[in-house]
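>>> Take a look and give me a structure for this.
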Amino acid sequence: MVKEAIILAGGLGTRLQSVVKDLPKPMADINKKPFLEYLFNYLNYFKIKKIILAVGYKKDIIKEYFGNKYKDIAIVYSEEKELLGTGGAIKQAIEFCEEQEILILNGDTFFDIDLNKFYDFHISKHSKLSLALKLMKNFDRYGAIEIDENKKIVAFLEKAYKQEGFINGGVYLLNKNFFMSLNFHEKFSFEKEFMEKYYKVYDFYGFPFDNYFIDIGIPEDYEKAKRDFENFKYR
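Take a look at the predicted model:
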């Protein structure tokens, strides 16, 4: 069972500035609660014991709201002094992790998957990196990911219209020692300079789910989240 999670919560939220002003994007108000609180309730349901919040932009708002504990979860803050990119933020945050297999989530998306099944898949494949994949139809907002019959990732495709395909659901399981053994710059993209660079060298796997997914990065989906989360099942 996975015990530790990193949440990337340092983004500027530029596409949401018209509706969410002066807040880190994960603190966007959803029915009088920050989006991040819904993620915490979800992780608490799956008995995550420790969350490392990778924070940057207006980090004090997050720290003052959550403090160092939420329900049964200990909270640690990995603070960016400057923008490190998703990869740099994860590399800094993972130093606070004690476990070998680390769950990583984006602080502005929610993908309602069974984390225990995802973890069992990751372990069964002896995977260095596993991605939770969301099946989508008629989309052009996201790049697509292709897997083979063993669920090994064989291609990352650029954004283009597709009738059907898998997208990156923003939930990962990552082996700490493997990741830290690679050489990266201080600032780098987890997606471009790690996943898309190394998937041909190492075996990375994708686990398809057709579960609920929301990305609040644009105003339309932010408003949709307010409607969808009225009866949020994790409390």
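>>> The most centrally placed residue in the chain: what's it in contact with?
The residue lying closest to the centre of the chain (C-alpha atoms, centre = their mean) is residue 105, at 2.0 Å. Residues counted as contacts of residue 105 (C-beta atoms under 8 Å, 6 or more residues apart in numbering) are 5-8, 39, 170-172. (C-beta placed from N, C-alpha, C; glycine too.)
>>> Would you mark the buried spots in the longest strand seen in the chain?
Longest strand in the chain, counting residues (DSSP state E): strand 162-175. Using 16 or more other C-beta atoms under 10 Å as the test for burial, strand 162-175 gives 162, 165-175.
>>> Could you do stretch 97-111 as well?
For stretch 97-111, by 16+ other C-beta under 10 Å, it's 97, 101-111.
>>> Just the closest of those residues to residue 52, please.
Nearest to residue 52 among those: residue 97, at 6.5 Å, using C-beta to C-beta.
>>> Identify the residue nearest that closest one in space, chain neighbours excluded?
Spatial nearest neighbour of residue 97, excluding adjacent residues (C-beta to C-beta, 6 or more residues apart in numbering): residue 4 at 5.0 Å.
>>> Contacts only, for that neighbour.
Going by C-beta under 8 Å, 6+ apart, residue 4 touches 48-52, 97-99, 102-103.
>>> Identify, from these, the entry nearest to residue 30.
Distances from residue 30 to the contacts of residue 4, taken by C-beta to C-beta, are shortest for residue 51, at 18.4 Å.
>>> Now do the helix or strand harbouring the closest one: distance to the chain's middle.
Using DSSP states H and E, residue 51 sits within strand 50-55. In terms of C-alpha atoms, centre = their mean, to the nearest Å, the centre of strand 50-55 is set 11 Å apart from its chain centre.
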